[in-house]
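J.: Test case, fold it:
(one chain, ligands or ions: 1)
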Amino acid sequence: HRHLLGIEGLTRPDIDLLLDRSERFVAQNRQLDKKASSLRGRTVINLFFENSTRTRTSFELAGKRLGGDVINMSVSTSSIKKGESLIDTAMTLNAMHPDALVVRHSESGAVHLLAEKVNCSVINAGDGSHEHPTQALLDALTIRRRKGHLEGLEVAICGDVAHSRVARSNIHLLSIMGARVRLVAPPTLLPSGIERMGVEIHHDMERGIAGCDIVMMLRLQTERMRGSFVPSVREYFRYFGLDVDKLQAAKPDALIMHPGPMNRGVEIDSLVADDIDRSLIREQVEMGVAVRMAILDILVSNQTEPWAKNQ
Ligand code: CP
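T.: From the prediction side, this is the model:
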């Protein structure tokens with residue numbers, strides 16, 4: 001593979017390879033000296049058309065810790081503000097010979113389109129409500145480290161599935177790895193046809209998370225609810241917010257996840273989010289750097305003159 005556009009299409013050995021490689025970087029990141037050199041001489045450009053804290057920062061750290069040069073394109077100060085299109089912007093950057101473009105965009109499929117045009121590796125950092133593959137990989141690494149395996153686990157993904165690229169990438173990944181996925185959401189926040197992805201559907205939180213190993217909460221993405229039904233926050237929290245009471249339905253050792261950014265009191269209560277024994281939210285962020293190092297290491301450091309090859 002030259003690009004990472006989604007989890008769909010990856011195999012179990014691909015995912016095992018990425019997670020195993022990430023483990024090496026978890027150990028490296030916990031040392032005082034975090035620097036490696038496999039990306040020396042390589043350039044990574046972060047091109048984010050949507051806001052980000054975790055993904056952009058961790059790709060920057062990942063590239064730098066591997067010894068590469070990382071540039072952050074800020075959309076607010078770029079010529080995108082003057083009306084330059086996504087493809088023109090990408091082709092302009094491509095002409096500067098980067099080795100990888102890390103792209104986040106609000107349109108599903110935008111990253112795929114861009115990958116067909118440029119000479120370098122393209123890594124999807126989230127495209128619309130389609131996929132966010134590095135999030136699913138970091139979630140998988142976090143789960144695997146705590147539970148020892150993914151196969152056979154019961155994972156409940158709860159909340160705004162309709163607008164969630166995180167949910168879609170996680171459904172693909174967990175299914176490939178042999179975990180069972182349940183979706184827990186009001187009917188208005190489930191995309192039509194999602195049951196075809198082989199998931200179990202629930203509209204009641206306590207029934208949906210009953211006996212599960214992992215409760216993965218999703219952010220209510222009101223910014224994507226253009227003109228559609230926006231639930232009242234109070235009502236949403238009452239029925240679909242994860243709190244100590246609802247969590248009792250899950251297994252006693254069930255772990256709590258959230259990709260961030262969290263809306264406390266909307267989809268998750270602080271007592272649950274900050275539970276030091278059961279909440280993996282900070283660990284997910286730590287794993288994010290390691291997973292992105294593994295992806296850059298595999299996709300970028302092993303390239304042989306991609307520019308010449310594709311001319
Ligand atoms: N989880 C995630 O993608 O967070 P950011 O939007 O902060 O990158």
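J.: ok, which residues in this structure are in contact with the ligand?
T.: Within reach of the ligand by C-beta under 6 Å from any ligand atom, the chain has these residues: 52-55, 126, 135, 259-261. Glycine gets a C-beta too; all of them are placed from N, C-alpha and C.
J.: Mind checking which of the residues you listed land in helices?
T.: With helices taken from DSSP state H, the overlap with the residues of the chain next to the ligand comprises 54-55, 135.
J.: Most neighbours among these, which one is it?
T.: residue 135 (26 neighbours; other C-beta atoms under 10 Å).
J.: Might one say that that residue is in contact with residue 172?
T.: No - taking contacts as C-beta atoms under 8 Å, residue 135 lies outside contact range of residue 172: 11.7 Å.
J.: I would like the residues contacting stretch 203-210, please.
T.: Identification of contacts with stretch 203-210 by C-beta atoms under 8 Å, 6 or more residues apart in numbering yields 156, 158, 182-187, 202, 215, 239-240, 242, 246-247, 249-250, 254.
J.: buried residues in it?
T.: 205, 208-210 (16 or more other C-beta atoms under 10 Å).
J.: Check stretch 174-181 too.
T.: Applying a neighbour-count criterion of 16+ other C-beta under 10 Å, one finds 174, 176-177, 179-181 buried in stretch 174-181.
J.: And for that stretch, what's in contact with it?
T.: 7, 10-12, 15, 136, 140, 150-157, 170-171, 197-200.
J.: Using CSV, write out the CA atom coordinates for it.
T.: Listed next in CSV are the C-alpha coordinates belonging to stretch 174-181 (Å, rounded to 0.1, in the frame of the first residue of the first chain):
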residue,chain,number,x,y,z
LEU,A,174,-13.3,-4.5,14.7
SER,A,175,-15.2,-6.7,12.2
ILE,A,176,-12.0,-7.6,10.3
MET,A,177,-10.3,-8.5,13.6
GLY,A,178,-13.2,-10.7,14.8
ALA,A,179,-14.8,-8.5,17.4
ARG,A,180,-18.6,-8.1,17.6
VAL,A,181,-20.0,-4.6,17.2
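J.: quick one: that stretch to chain centroid distance?
T.: 16 Å (C-alpha atoms, centre = their mean, to the nearest Å).
J.: before we move on, which element is residue 161 in?
T.: Using DSSP states H and E, residue 161 falls within no helix or strand.
J.: what's near enough to touch it?
T.: Residue 161 makes contacts with 167, 183, 185, 189-191, 194, 218, as judged by C-beta under 8 Å, 6+ apart.
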